[in-house]
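Novice: here are the coordinates; sequence isn't available:
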């Protein structure tokens with residue numbers, strides 16, 4: 001049985017990022033103390049970028065044992081690592097290049113090669129480094145269409161149950177018609193903790209449908225994220241929670 005999501009609402013995107021930074025830092029300390037390493041799966045997007053920039057600053061920069069971090073990615077666009085649309089590039093610029101994390105501890109998806117081959121390679125790497133388990137913390141966002149990772153409504157990856165990583169073609173994505181490399185819902189659900197960061201009034205209707213509406217993951221893939229164990233936390237700003245200033 002899936003865990004019940006914890007829903008926390010904050011005034012604005014900056015407050016969401018701050019709360020997320022506190023959770024990530026605490027999770028890192030906990031995991032390193034208990035298991036000697038902290039394994040995190042990063043997300044793309046504007047809200048995670050604010051989080052990454054915070055983690056690169058004090059007090060987080062000196063409060064985390066970066067040498068014991070292992071960084072994975074939830075999904076990637078099929079572009080080279082220096083491309084403006086690359087999730088890896090964004091994470092590198094905002095965080096990874098600013099903290100003392102060993103290069104060998106960063107596992108990027110190869111957006112510059114054939115997406116099916118990249119998905120196969122990443123899936124094998126996940127199996128090799130994590131076995132049948134998952135990461136300590138998965139960061140996720142959600143689009144106004146209900147997608148998370150690169151699991152877009154009505155695409156084959158939404159139904160994937162066997163593989164950890166797949167190539168997925170999206171007709172309607174933030175970069176138009178495009179191939180993506182994405183971890184799958186079953187793999188995300190192996191995480192010890194899943195953290196959604198969702199901001200903006202354009203997401204409010206979808207947030208309500210995902211959390212409160214009837215189950216329809218083909219249309220709302222974010223509903224697929226329901227770890228069997230651990231924690232599922234949604235950090236929303238007031239706009240995404242559907243709260244208006246006069247409420």
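Specialist: Everything's here; your move. Worth saying up front: this structure is predicted, and the values here are computed from it rather than measured.

Novice: top helix in the chain by residue count?
Specialist: For the chain, the helix that runs over the most residues, judged by DSSP state H, is helix 13-35.

Novice: From the rest of the structure, what touches it?
Specialist: 8, 10, 37-40, 46-47, 50-51, 53-55, 60, 63-65, 68-69, 136-137, 139, 192-193, 195, 197-200, 233, 235-237 (C-beta atoms under 8 Å, 6 or more residues apart in numbering). Quick note: C-beta positions are derived from backbone N, CA and C, even for glycine.

Novice: Give the buried subset of the residues you listed as a ChimeraX selection command.
Specialist: Selection of buried members from the contacts of helix 13-35 for ChimeraX, criterion 16 or more other C-beta atoms under 10 Å:
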select :10,38,39,40,47,50,51,54,55,60,64,65,68,69,136,137,139,192,193,195,197,198,199,233,235,236,237
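
Novice: Where strands are concerned, which of the contacts of helix 13-35 count?
Specialist: Of the positions in these, 8, 10, 38-40, 69, 137, 139, 193, 195, 197-198, 233, 235-237 sit in strands, assigned by DSSP state E.

Novice: So for stretch 203-223, first residue to last residue, what's the gap.
Specialist: 14 Å (C-alpha to C-alpha, to the nearest Å).

Novice: okay, now the closest residue to residue 190 other than its chain neighbours: neighbour count?
Specialist: Distance criterion C-beta to C-beta, 6 or more residues apart in numbering; nearest residue to residue 190, sequence neighbours excluded, is residue 134 at 2.8 Å. Neighbourhood size, residue 134 [other C-beta atoms under 10 Å]: 26.

Novice: Pretty sure residue 134 sits in a strand.
Specialist: No - assignment of residue 134 by DSSP: H, G, I helix; E, B strand; the rest coil gives coil, placing it outside any strand.

Novice: so it touches residue 188, yeah?
Specialist: Yes - look at residue 134 against residue 188 with C-beta atoms under 8 Å: they come within range, at 7.4 Å.

Novice: what about the nearest residue to residue 127 once chain neighbours are set aside, distance to residue 132?
Specialist: Distance criterion C-beta to C-beta, 6+ apart; nearest residue to residue 127, sequence neighbours excluded, is residue 164 at 6.8 Å. Distance, residue 164 to residue 132, using C-beta to C-beta, to the nearest Å: 10 Å.
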